[in-house]
Every structure is written in C-alpha cells, then in structure tokens.
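In: model this:
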Amino acid sequence: MKKVTERFSDRVDDYAKYRPSYPDDLYRFIRQEFLKKGGPKLIADIGSGTGISSVFFLEEGHAVFGVEPNDAMRARSESLLSEYTGYRAVKGKAESTTLIDGICDLVFCAQSFHWFDVKSALKEFKRILAKNGKVLLVWNDRNTDDSPFSKEYEEFIKRHAIDYESVNHKRIDLKFLKQHIPQKIESREFPNSQELDEEGLMGRVLSSSYMPRKNDEGYTPMAADLKELFTRHSFGGKVTITYTTRLYYFTVNEK
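Out: Numbering: from 1, shown residues only. Here you go, the predicted model:
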C-alpha cells in the first residue's frame with residue numbers, strides 16, 4: 001500500500017479537473033467571520049493539493065502558503081496558481097510544515113485533516129499560528145442516501161473500492177474532534193453539488209485514492225459497472241452528486 005503522502009501521485013490530473021469545489025455560501029461565511037477585520041491575512045492551506053481551496057483566499061487578496069507533501073500535487077498547484085503573486089507552495093506536512101513560529105493568521109484544511117496525525121498536527125498548528133489564530137477544517141461530505149443515484153453510487157464505491165472504509169473521512173465527525181481538540185469547536189453546514197457527464201463521473205471516481213486505477217485488475221469491471229450506473233440515472237447527459245459541506249472551526253493561542 002502506498003504511503004499517505006504518495007496516494008495521489010498518479011491521480012493529479014483527475015483530481016485537479018474533477019474534484020468538487022466548495023459552495024459560495026461557505027466562502028461567504030469565511031469572508032464575513034474570519035477575513036473582514038485587520039487587513040490581508042496570511043493563510044496556511046495545509047494539505048493544499050492542487051490548490052483548489054487556495055484560490056478563494058488569493059482572489060480575496062490574502063497570501064497563502066500551500067503546504068503539500070506530495071511532489072506531483074504541489075507542482076500542479078504551482079502551475080495552476082502561477083498568476084497569483086501571493087501564493088507560495090511549501091514542501092511540508094501538517095505535522096512539520098517548515099513555517100516559522102506565529103507566522104499565520106489562519107490554518108485551513110480542506111479535505112485533508114483525516115490524513116493527519118491529529119495530535120502532532122494540532123501541536124504544529126498552534127506553533128505556526130499567531131495570537132487568536134483560527135483553524136478551519138472543511139470537508140465535502142458526499143450524501144449517500146438522498147436519491148436513488150446517491151444510494152447506488154455509494155454501493156458502487158463500496159463494491160469496487162480498495163480501502164474505502166479505512167480512509168473514509170466520514171469517521172472524522174464533531175464527536176471525534178471534541179475528543180481530540182481541547183478548544184471550543186463550532187460548526188456549520190452548507191449544501192453543495194456537482195453535475196457531471198459520463199467522462200466527468202469517471203474522472204471523479206478516479207480522483208479518489210481508494211478506487212482502482214486504469215492499470216489495475218479491477219478497473220475494467222468497475223468501468224463497466226459505472227457506465228451502466230450512469231446510463232440508468234443520467235438526465236440530459238448528466239448526473240448530480242450532492243454533498244453536505246461541513247466546516248469546523250476553533251481558536252488557538254487565545255489572548
């Protein structure tokens with residue numbers, strides 16, 4: 001099995017193209033609650049991948065350290081975000097970012113915190129954050145039972161996945177976080193969705209580290225199964241994956 005930091009090395013193209021973005025309501029809330037006061041912020045986007053979540057902060061005029069241990073993902077973020085002078089890709093991990101003490105105003109972890117060693121990562125976040133620094137944890141949590149397609153797509157994933165249950169981020173919920181984080185945790189939920197044609201649905205599947213790749217033994221039956229699923233549920237040449245985007249946030253180094 002690949003190390004965690006290498007799991008997405010051969011999935012970069014599909015990840016950059018087919019992973020869902022985050023809803024406008026989430027960004028509106030973040031802007032209002034965390035970015036309005038005190039001028040430009042310095043953000044540490046931890047596990048930044050290809051930079052999907054960094055774009056929002058950059059377009060708002062803030063500076064971003066994109067901390068990413070995977071070389072291929074980090075290189076893609078540098079390419080995709082080359083127009084932003086406020087972006088700096090950093091080879092580091094959540095547990096050892098290489099950033100200096102107290103440099104950041106906000107730590108942002110989008111679709112990444114479940115890969116971290118929680119105790120070590122939280123210690124590192126506290127080190128790199130300034131006084132009253134904020135930690136924001138975000139996941140696009142795919143809905144699995146709100147439509148016939150959602151239910152069958154979940155069954156499809158379980159049928160063909162390699163290690164879905166052991167790496168599924170759904171195990172990180174508010175109860176888990178409260179057991180590991182001493183600070184008061186607040187949370188918000190936002191609806192999100194993604195419309196995909198047949199090629200896009202396959203790309204979305206292949207962007208997940210627990211699904212067979214094109215050269216894997218299980219790819220051919222998986223592809224046939226997915227095609228049949230798409231044919232039965234598509235409308236106007238597309239299917240819709242729905243998500244509940246979950247935000248958890250707390251303050252460290254309080255004055």
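In: mind showing which ranges of the stretch 151-255 of the chain have poor pLDDT?
Out: Residue ranges of the stretch 151-255 of the chain with pLDDT under 70: 164-171, 255.
In: Gly237 contacts Leu196, correct?
Out: No: Gly237 is not in contact with Leu196 according to CB atoms under 8 Å; the separation is 9.9 Å. Any C-beta I mention is one placed from the backbone N, CA and C, and that applies to glycine too.
In: Tell me which of these two has more neighbours.
Out: For Gly237 versus Leu196, the count of surrounding residues by other CB atoms under 10 Å is larger for Leu196: 20 against 10.
In: what's in contact with stretch 197-215?
Out: Stretch 197-215 is contacted from outside by 7-8, 10-11, 14-15, 17-19, 157, 160-164, 167, 194, 196, 218-219, 222-223, 226-227, 230, 234, 237-239, 241, using CB atoms under 8 Å, 6 or more residues apart in numbering.
In: In strands, which of those fall?
Out: Among the contacts of stretch 197-215, the ones falling in strands (DSSP state E) are 194, 196, 239, 241.
In: I'd like the residues you listed as CSV, with distance to Tyr87 appended.
Out: Below are the ones in strands among the contacts of stretch 197-215 laid out as CSV (distance: CB to CB, whole Å):
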residue, distance to Tyr87
Gln194, 25
Leu196, 28
Val239, 33
Ile241, 28
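In: Just the pLDDT for Lys2.
Out: The model reports Lys2 with a pLDDT of 46.
In: next one: Val135
Out: For Val135, the pLDDT comes out at 97.
In: What of Asp105?
Out: pLDDT, Asp105: 97.
In: so where does it fall, helix or strand?
Out: For Asp105, the element it lies in under DSSP states H and E is strand 104-110.
In: counting contacts, what elements does that strand pack onto?
Out: Applying 3 or more CB pairs under 8 Å, 6 or more residues apart in numbering; DSSP states H and E, we find strand 104-110 packed against strand 42-46, helix 118-128, strand 129-142.
In: Is Asn140 bridged to anything, and to what?
Out: Thr245 (DSSP bridges).
In: State the number of residues packed around it.
Out: Neighbour tally, Asn140, other CB under 10 Å: 23.
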